[in-house]
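Trainee: Following is a predicted model, sequence given first.
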Amino acid sequence: DGGITQSPKYLFRKEGQNVTLSCEQNLNHDAMYWYRQDPGQGLRLIYYSQIVNDFQKGDIAEGYSVSREKKESFPLTVTSAQKNPTAFYLCASSTVQTGGNQPQHFGDGTRLSIL
Amino acid sequence: KQEVTQIPAALSVPEGENLVLNCSFTDSAIYNLQWFRQDPGKGLTSLLLIQSSQREQTSGRLNASLDKSSGRSTLYIAASQPGDSATYLCAVTRSNDYKLSFGAGTTVTVRA
C-alpha cells in the first residue's frame, strides 16, 4: 500500500535541543516537501527537494535543516535556533513534471511541542 | 506575494443541506488550484485539482469551480452528510516557482 509515513506522531523538545522528524515515502516520487501548520493559518513551506542530494529553502526555512540522501527519505531537523517550534509538521511528495501540475500527497503529520 | 483567503473560517449546517465553500487568491498567475480535506490531527487528502485552463471539476457530490480572472474558486458539496465534517483547504500552485500557497481553511460541521 503506497503512501507517506511520518514518525513520530507526537514529539517533545527541550530547550536547546535539536529534534529530527522522519518522513518516508514508497510512491516513487521525486519531489518531497516539508510544511508547518499553525492554528488558524495555512500551511507554510519550510524546505523542498526535487531530486536526491538537492534541496531548496521554502518560505520559512530559518531554524530548520534537511537532507535528501535517498529518494524515499526526507528528514527534517528542528534546531535550537527555531524559537517557536510548536506546530503540526506535514510532509508531502509528488511527481515532477513540467508546469508542476501534479497533486501532492501528504503524510499524517507530527505534532511537536516544547517541554 | 500570493495571498489565499477562505471565508468563512467555520460553518455548521444540518445534514442534507448543500455546502458552499469559498476561496480567493490575489495573483491570477497560477498553474492550478487544489481543494484538500483535513480530518483532525491528520494530513491532507486531495479532493479536486483544477488546471488553470479549466472552469470546473467534479467528483461525486463534489464540484469545484475556478474563475482565474477574478481570483475565486468555490467548492460545492451536495447533500451534506455528517461524514463530510472536516476542514477544507484550498491551495494554488504559483506559476513563478510551482510551489503551493494555502488558505487557512474552512472547518465544516454537519449536524445529524
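Mentor: Good, I have the coordinates.

Trainee: where does chain A come near chain B, residue by residue?
Mentor: By the rule C-beta under 8 Å from any C-beta of the partner chain, the part of chain A lying against chain B is A:4, A:6, A:40-45, A:48, A:58, A:90, A:92, A:99-101, A:103-109, A:111. For every residue, glycine as well, the C-beta is placed using N, CA and C.

Trainee: Tell me which residues of stretch A:45-62 come out buried.
Mentor: A:45-50, A:55, A:58, A:61 (16 or more other C-beta atoms under 10 Å in any protein chain shown).

Trainee: ok, residue 103 - contacts?
Mentor: Picked chain A for this. Under the criterion of C-beta atoms under 8 Å, 6 or more residues apart in numbering or on different chains, the neighbours of A:P103 are A:94, B:34, B:46, B:49.

Trainee: My question was about chain B, not that one.
Mentor: With C-beta under 8 Å, 6+ apart, B:G103 has these contacts: A:42, B:4-6, B:23, B:89-91.

Trainee: quick one, strands of chain A?
Mentor: For chain A, applying DSSP state E gives strands covering A:4-7, A:10-13, A:19-25, A:31-37, A:44-51, A:54-57, A:64-66, A:76-78, A:87-94, A:105-106, A:110-114.

Trainee: any chance of those in JSON lines, plus distance to B:I77?
Mentor: Below are the strands of chain A laid out as JSON lines (distance: least, C-beta to C-beta, whole Å):
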{"stretch": "strand A:4-7", "distance to B:I77": "26"}
{"stretch": "strand A:10-13", "distance to B:I77": "31"}
{"stretch": "strand A:19-25", "distance to B:I77": "29"}
{"stretch": "strand A:31-37", "distance to B:I77": "22"}
{"stretch": "strand A:44-51", "distance to B:I77": "27"}
{"stretch": "strand A:54-57", "distance to B:I77": "36"}
{"stretch": "strand A:64-66", "distance to B:I77": "36"}
{"stretch": "strand A:76-78", "distance to B:I77": "33"}
{"stretch": "strand A:87-94", "distance to B:I77": "23"}
{"stretch": "strand A:105-106", "distance to B:I77": "20"}
{"stretch": "strand A:110-114", "distance to B:I77": "28"}
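
Trainee: now those strands as CSV including mean pLDDT and distance to B:T106?
Mentor: Below are the strands of chain A laid out as CSV (pLDDT from 0 to 100; distance: least, C-beta to C-beta, whole Å):
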stretch, mean pLDDT, distance to B:T106
strand A:4-7, 96, 24
strand A:10-13, 92, 26
strand A:19-25, 97, 27
strand A:31-37, 95, 15
strand A:44-51, 94, 18
strand A:54-57, 94, 30
strand A:64-66, 97, 28
strand A:76-78, 97, 28
strand A:87-94, 95, 18
strand A:105-106, 92, 18
strand A:110-114, 93, 22
